[in-house]
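# structure of the sequence below:
(2 chains)
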Protein chains: 2
Amino acid sequence: MIHRLTLSDVLAEHARSRPRVTAVVDGEVRLTYPELDERVTRLADALAARGVTAGDRVLWLGRNGHPVLELLLASSRLGAIFCPANWRQSTDELSFVVDDLTPKVVVWERSEAAAPLSDDGWILAGDGYEAFLSSGSPAAHRDDAADALPGDPAGARAEVPGGPLTGGPLTGGPLTGGPAHPAEPGDDTLPVLALYTAAFDGRPNAALLSSAALVAHSTALLVVRQMEDGFTFLNNGPLFHVGTMMFCLATLQIGGTNVFTPAFDAEEVCRLIDAEKVTQAFLFGQMIDAVTDANKDGKYDLTSLRFVSHSAEWDAMTTVDDSPWCRSKMGGYGQTEVGGMLTFLGLAPGAAGFAGRPSPLVQVRLLSADGSEVPSGEVGEICARGKSLFSGYFNRPELNAEKTRGGWHHTGDLGRREPDGTITFIGPRLRMIKSGNENVYPAEVERVLKTHPAVADAAVIGVPDDRWHQAVKAVVVLKGEATAEDVVEHVRTRLASYKKPRHVDFVEAIPRKGFAPDYDALDAAHGGGGYPGS
Amino acid sequence: MIHRLTLSDVLAEHARSRPRVTAVVDGEVRLTYPELDERVTRLADALAARGVTAGDRVLWLGRNGHPVLELLLASSRLGAIFCPANWRQSTDELSFVVDDLTPKVVVWERSEAAAPLSDDGWILAGDGYEAFLSSGSPAAHRDDAADALPGDPAGARAEVPGGPLTGGPLTGGPLTGGPAHPAEPGDDTLPVLALYTAAFDGRPNAALLSSAALVAHSTALLVVRQMEDGFTFLNNGPLFHVGTMMFCLATLQIGGTNVFTPAFDAEEVCRLIDAEKVTQAFLFGQMIDAVTDANKDGKYDLTSLRFVSHSAEWDAMTTVDDSPWCRSKMGGYGQTEVGGMLTFLGLAPGAAGFAGRPSPLVQVRLLSADGSEVPSGEVGEICARGKSLFSGYFNRPELNAEKTRGGWHHTGDLGRREPDGTITFIGPRLRMIKSGNENVYPAEVERVLKTHPAVADAAVIGVPDDRWHQAVKAVVVLKGEATAEDVVEHVRTRLASYKKPRHVDFVEAIPRKGFAPDYDALDAAHGGGGYPGS
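This next block holds a predicted model:
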């Protein structure tokens, strides 16, 4: 009992240790830790009054905002499971989530297009977000959710006058005043967060993360990012994705300030960094270019941002951070099922591997299909154990048994130990080209293609081949002069010959799903077949 | 199962992730992580062959050295509990430990004065340390230990020719080759380390720390000390004390290098910092002065040491570290039972409290005698929950129930929340002077006394007083000119009047037990009575 530490406990401590620290900024809403704690107490009471108890699911349909953090913390206090749904999904996709998760309560972002189905449905009117108590049957859930957010919710949101969430103190509503801070410590091994991911067979699965796992993962981030008191994170990436959520939670863990904005907007990001003295935001590549461009006249002071080096202009307007996380290339290897990051580039300065070294709170093994460890230098499935790992997928007992066979979480991704012990991420296990008897991993070839000075972007697929079963095809975006022969030769001199492309298509842009190439679209457009593997 | 991470697992990961990193330096012994892992495997096999299984105790009688870390890791692999005994203890004290802990195996430092009792007793001959399989009865244990280390073991050690432990690869001995890396992950909630402390009633108690607690505490240290790959820690403090052990383990956690030296020697510390490019050592106050003095001719390069600012000379020969741990004053509040540190000054820059803010992995409450939380600004017992807390004392069920009543670990120390939420450490609950109806805490008065420019050191006790029951007496060491009236006035203007000393004795030195004043000696010499309280 004395070892437990839930997310709710983390908040309860900050309310005492950091009474004057701003926990949350969201539009006009500014909450200190005691104020956040008080709102979470009342929200937990309101959810409890709607019948939410340990193990029940609470679903959020809406964009980024302080309700996401508050609902997560209130769910933690009750032992319930909170899921922020991907609001970019179609109505059909949202309906699947509602059917699959069977939430006890659905809460959605206020918008004129999302009227409640009945008066009974609103439980926190006047609070800037609204909760709907579902009628209990999965079908009703689905219809309610679909009605609540017809079409593209982002589009619906755009019609709302007044901009972002209005927030303010909780007012009115049927607050019952139950023991929201229970005397007994909550069980921190219970799932508290569900994030949909891993659509292995076309349908996504809700990865369940416990308070213990989230606290552990946050602490690993504190180590690698060297986060301190006063850290201020701008939540401009989607909170339904672990990439933003993990920094939101690490910021909570260290008692810093979470600033919310509904979605990425370069000018608004500049304004918020300046106004709130933001330490870190969720920014990559083209987003950094957009922010640089939005601030090219120096209108905003971005020097509070301590971030990765990117371009001369960017580095001049921000502070280049020297923490391991930012020192060279940001990142490492991760997935939702490991809490976010499994390995960090920052723990492997000058490493041979492309993914760095494991978090101090996990073990990694490269395993063969029979469960034995493959020797250093050979490709195996990246498997893991440790404090930050998930608790399986919601309601998927067979899949969970398969993923944790032998006491190791099987990531579904392939990797390799280099001689210095660092790990190279090879690519998804099921995204493998079989050429002759050899395995070719697209990510490896893509990485080499992108080192050619004339190549702006590249993706690799397998196409049918009479002799080799499949042949490697490169789809390439040029930024300079190069022939197909140049590109093939570039790969041939850097990788085993069987990995070099036999075909090259030049295109204007690589279709993408999020950060990853859209291999289905590439397959369709460039003659794929038998790929991602038979 | 997939969430477990024992100390043995941490080593197993480093053996893969850091194959070329030096894990251990001890005299002539240099071990990479794979070499350390291999030795620990063989040691675990040898212990298992002597019947050590889960829950059994393994006792080390000897000074600092790589055997301490190896025995701890081998015990972790077997689920056993390792205890490094205080080698400064008398034979009687050691006999108490052997009787109390009933170890399955006692391992001691080789010395000519510590001959084995029988041929059967040696299990790792030739290895620089030896393990003795006890005959099983507590009485035999006690006699064996007393015979093994007659008188002062440090004195015995001094007679050994050849200096520190000789080490080298394990050779010979009955290695059985059992499955030292079990396929099933070990239970990381089992105790793995026992450290004697907390002599509440005159006899010490063995605080049990699990792998989970030690890993959590190490990670908190990684955060606050901003430890990174390449961190090198000089274990020059005693490893039977949590203050050194906690940094040894944090260095293990991040995959750094642990350098061992038997005890503090200023010249040897200089030599090792230079030779091994040490990042941090276990140094305070007068030890830093001694090191500064030993290197006053600049013979050694100490710039690898990134440490707290101390004096102009010290700062010039080292690198002043900017991590939160070193930024202003090092430390915080801690005790063995919380894994080391519970609060950190480095998490409370510019704090009002003297002890900082809690580790990100714990909660702290100031509780009254009835278990309710005292309001901010009032004194209560410092109580805690969280990931780094101990698992109770070995074989003390009643004491354990009392210490964890209400689901909180009761530290036995008093503290106060300041308006900024930071914590002030007041002093031991049982070391309280009752003057009139007021409580006076010696530590608080001592702290103020030491801010007087003419005061070098000070301790405070209670002496019998007809009117007030007890009166405050200050025992003071001067470094300049001051009268008793000056000293009293200094306190009177800074604390409530009833806390000011009514008596002042000037002395040459304050008797100490470790870092703390020896209050029993002070009581005897300066007319104490009714103190530490009736």
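
# from A:T451, how far out is A:L495?
Distance check for A:L495 against A:T451: by Cβ to Cβ, to the nearest Å, it reads 11 Å. From N, CA and C alone the C-beta is placed, and that goes for glycine too.

# which of the two has more residues huddled nearby?
Neighbours were counted for A:L495 and for A:T451 using other Cβ atoms under 10 Å in any protein chain shown; A:L495 has more, 15 against 11.

# for the more buried one, what are its contacts?
By Cβ atoms under 8 Å, 6 or more residues apart in numbering or on different chains, the contact set of A:L495 is A:E444, A:V445, A:V448.

# my guess is the second one contacts A:R492, does it?
No - here A:V445 does not reach A:R492: they are 10.9 Å apart, not a contact under Cβ atoms under 8 Å.

# which helix is the longest one in chain A?
If you go by DSSP state H, chain A has its longest helix at helix A:33-49.

# that one: what's the following helix or strand?
Downstream of helix A:33-49, the first helix or strand assigned by DSSP states H and E is strand A:57-61.

# strands paired with that following strand, and their directions?
Applying DSSP bridges, strand A:57-61 is found paired with strand A:81-84 (parallel), strand A:105-109 (parallel).

# and those, which one's lowest on average pLDDT?
Of all the strands paired with strand A:57-61, the minimum mean pLDDT falls on strand A:105-109 (a mean of 77).

# CA atoms only for that one, dumped as CSV, please.
Provided in CSV are the C-alpha atoms of strand A:105-109 (Å, rounded to 0.1, in the frame of the first residue of the first chain):
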residue,chain,number,x,y,z
VAL,A,105,-19.8,8.2,-19.8
VAL,A,106,-19.0,10.1,-23.0
VAL,A,107,-17.9,13.7,-22.6
TRP,A,108,-17.6,15.9,-25.6
GLU,A,109,-16.4,19.3,-26.6
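
# any idea of the angle that strand forms with helix A:33-49?
In terms of direction (axes from the mean of the first three to the mean of the last three Cα atoms, to 10 degrees), strand A:105-109 departs from helix A:33-49 by 130 degrees.

# centre of the chain to strand A:105-109, how far?
Remark: strand A:105-109 is offset 21 Å from the chain centroid, using Cα atoms, centre = their mean, to the nearest Å.

# now stretch A:197-214
11 Å.

# helix/strand/coil for the residue of the stretch 51-200 of chain A found nearest chain B?
Nearest to chain B in the stretch 51-200 of chain A, going by Cβ to the nearest Cβ, is A:P185, at a distance of 5.8 Å. At A:P185, secondary structure determined by DSSP: H, G, I helix; E, B strand; the rest coil is coil.

# from A:V10, how far off is it?
Where A:V10 is concerned, A:P185 sits at a distance of 12 Å (Cβ to Cβ).

# with neighbour numbers in mind, choose between the two.
Here A:P185 and A:V10 are compared on neighbour count by other Cβ under 10 Å; more neighbours surround A:V10, at 27 against 19.

# pLDDT weak spots in the stretch 201-350 of chain A?
A:201-202 (pLDDT under 70).

# and the longest helix of chain A, what does it pack onto?
Judged by 3 or more Cβ pairs under 8 Å, 6 or more residues apart in numbering or on different chains; DSSP states H and E, the packing partners of helix A:33-49 are helix A:7-17, strand A:22-26, helix A:66-78.

# out of those, which is the most enclosed?
Greatest average neighbour count among the helices and strands packed on helix A:33-49 goes to helix A:66-78 (a mean of 27), per mean count of other Cβ atoms under 10 Å in any protein chain shown.

# that one close to chain B?
No - Helix A:66-78 lies out of reach of chain B by Cβ under 8 Å from any Cβ of the partner chain, never closer than 13.5 Å.

# and stretch A:362-374, by the same measure?
Yes - remark: stretch A:362-374 sits within contact range of chain B at A:V362, A:Q363, A:V364, A:R365, by Cβ under 8 Å from any Cβ.

# and that stretch, which residues are buried?
By neighbour count with 16 or more other Cβ atoms under 10 Å in any protein chain shown, stretch A:362-374 contains the buried residues A:V362, A:Q363, A:V364, A:R365, A:L366, A:L367, A:V374.

# would you map the helices across the stretch 301-450 of chain A?
Here the stretch 301-450 of chain A has its helices, by DSSP state H, counting those that start in this stretch, at A:312-317, A:324-327, A:397-403, A:442-449.

# how big is the angle separating the longest helix of chain A from strand A:22-26?
Taking the same axes, to 10 degrees, helix A:33-49 and strand A:22-26 form an angle of 70 degrees between their directions.

# what's the mean pLDDT across helix A:33-49?
Here helix A:33-49 scores 89 as its mean pLDDT.

# centre of the chain to that helix, how far?
Distance, centroid of helix A:33-49 to centroid of chain: 26 Å (Cα atoms, centre = their mean).

# and chain A, what are its domains?
Domain segmentation of chain A under automatic domain parsing yields A:7-24+A:33-216, A:332-428, A:435-526.

# mind putting those domains in CSV, distance to B:D520 included?
As requested, the domains of chain A are exported to CSV (distance: least, Cβ to Cβ, whole Å):
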stretch, distance to B:D520
domain A:7-24+A:33-216, 35
domain A:332-428, 42
domain A:435-526, 66
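
# wait, which of those domains is closest to B:R306?
Evaluated with Cβ to Cβ, the domains of chain A place domain A:332-428 nearest to B:R306, the distance being 16.4 Å.

# about what we covered before: touching, the residue of the stretch 51-200 of chain A closest to chain B and B:R385? I think so.
Yes - counting by Cβ under 8 Å, B:R385 is a contact partner of A:P185 at 6.0 Å.

# ramachandran coordinates for the one residue sitting closest to the centre of chain A?
With distances taken as Cα atoms, centre = their mean, A:V242 lies nearest the centre of chain A, 2.2 Å away. The phi/psi pair for A:V242 (degrees, to the nearest 10) reads phi -60, psi -20.

# how near is it to A:Q226?
Counting by Cβ to Cβ, the gap from A:V242 to A:Q226 is 21 Å.

# likewise A:R492?
In terms of Cβ to Cβ, A:R492 sits 42 Å off from A:Q226.

# and if you look at A:Q280?
According to Cβ to Cβ, A:Q280 stands 11 Å off from A:Q226.

# quick one on the thing from earlier: need the helices and strands packed on helix A:33-49 in TSV with mean pLDDT, can you?
Compiled in TSV, the helices and strands packed on helix A:33-49 are given as follows (pLDDT from 0 to 100):
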stretch	mean pLDDT
helix A:7-17	97
strand A:22-26	96
helix A:66-78	94
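
# for B:D100, find the nearest of these.
helix A:7-17 (34.2 Å).
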